[in-house]
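What follows is a predicted structure for the sequence shown.
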Amino acid sequence: MRLVKPTTKYQKSFLQAVKESHKEGRNKDIESKQSPKQFAEFVKKLRDQEKRVPKGYVLQSVFWLVDRNKFIGRVSVRHNLTKRLREEGGHIGYEIRPSERRKGYGKKILKLGLRKTLQLDIKKALVTCDDDNVGSQKIIEANGGILQDKIRKGEKLVRRYWIKIK
Ligand SMILES: CC(C)(COP(=O)(O)OP(=O)(O)OC[C@H]1O[C@@H](n2cnc3c(N)ncnc32)[C@H](O)[C@@H]1OP(=O)(O)O)[C@@H](O)C(=O)NCCC(=O)NCCS
């Protein structure tokens, strides 16, 4: 199991995962049917996010968790925090494809994502999750997250954790 930069090599399993996530209303902005050419362009855009982004966005490095040559999930590491990200989003965002959940991949993807964060010289990472996202809370706490507070964002409460990366 490892993190890789987005690559066309995993087109098939990545797009299957997108299809799964559409059923739960996620990733609607990603088309689940793409030609190799379209997918290559999509991958390039993801990779370019660590080089240039539109105004108001921060640079982010995107990685895919791959196990036995299959796409399992994605993690994004933001290079800086904005006011918005300080409230919700933090340094690291992650997602495990629905069919591979509750197998420990969530804990693993954050662990590996934290290593990538440290490589950017970020030694303390802000990680947030919804107050009712029990799975994500467990993942953050298992990775050393210390709860800073819970803040209200509209209807919901957001938990803000800090993780000191060792
Ligand atoms: C949250 C998410 C990443 C969890 O991934 P996962 O691969 O299932 O996580 P793990 O298998 O490592 O599980 C970690 C722990 O949470 C528990 N857990 C996972 N999903 C759970 C759920 N829906 N309800 C209750 N507990 C849950 C697991 O049983 C495990 O518990 P344990 O520590 O007692 O063994 C995944 O559900 C997901 O991608 N959700 C949508 C996107 C998202 O919420 N991202 C996080 C944003 S903050």
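Okay, I see it.

C-terminal to the lengthiest helix in the chain, what's the next element?
Secondary structure of the chain per DSSP state H: the longest helix is helix 105-119. For helix 105-119, the following helix or strand on the C-terminal side (DSSP states H and E) is strand 124-130.

how about the residues of the protein that lie near the ligand?
94-96, 101-107, 129, 133-136, 138-139, 142 (Cβ under 6 Å from any ligand atom). C-beta: built from backbone N, CA, C; applies to glycine.

Which ones among those residues map onto helices?
Tyr105, Gly106, Lys107, Val134, Gly135, Ser136, Lys138, Ile139, Ala142.

these two touch, right, the fifth one and Lys103?
If I follow you right, that is Gly135. No - Gly135 is not in contact with Lys103 according to Cβ atoms under 8 Å; the separation is 11.6 Å.

on that earlier part again, buried residues of the longest helix of the chain, list them for me.
By neighbour count on 16 or more other Cβ atoms under 10 Å, the buried set for helix 105-119 is Tyr105, Gly106, Lys107, Lys108, Ile109, Leu110, Leu112, Gly113, Leu114, Lys116, Thr117.

The ligand: which of these is nearest?
Gly106 (2.4 Å; Cβ to the nearest ligand atom).

ok, so what distance separates the closest residue to the closest one other than its chain neighbours from Ser13?
Once flanking residues are discounted, Gly106 sits nearest to Ile139: 4.6 Å by Cβ to Cβ, 6 or more residues apart in numbering. Separation of Ile139 from Ser13 (Cβ to Cβ, to the nearest Å) stands at 22 Å.

now Gly89
Taking Cβ to Cβ, one finds Gly89 at 26 Å from Ser13.

which residue packs closest to Leu112, ignoring adjacent ones?
The nearest residue in space to Leu112 (Cβ to Cβ, 6+ apart) is Leu3, at 4.8 Å.

and the one you found, helix, strand or coil?
Under DSSP: H, G, I helix; E, B strand; the rest coil, the three-state class of Leu3 is strand.
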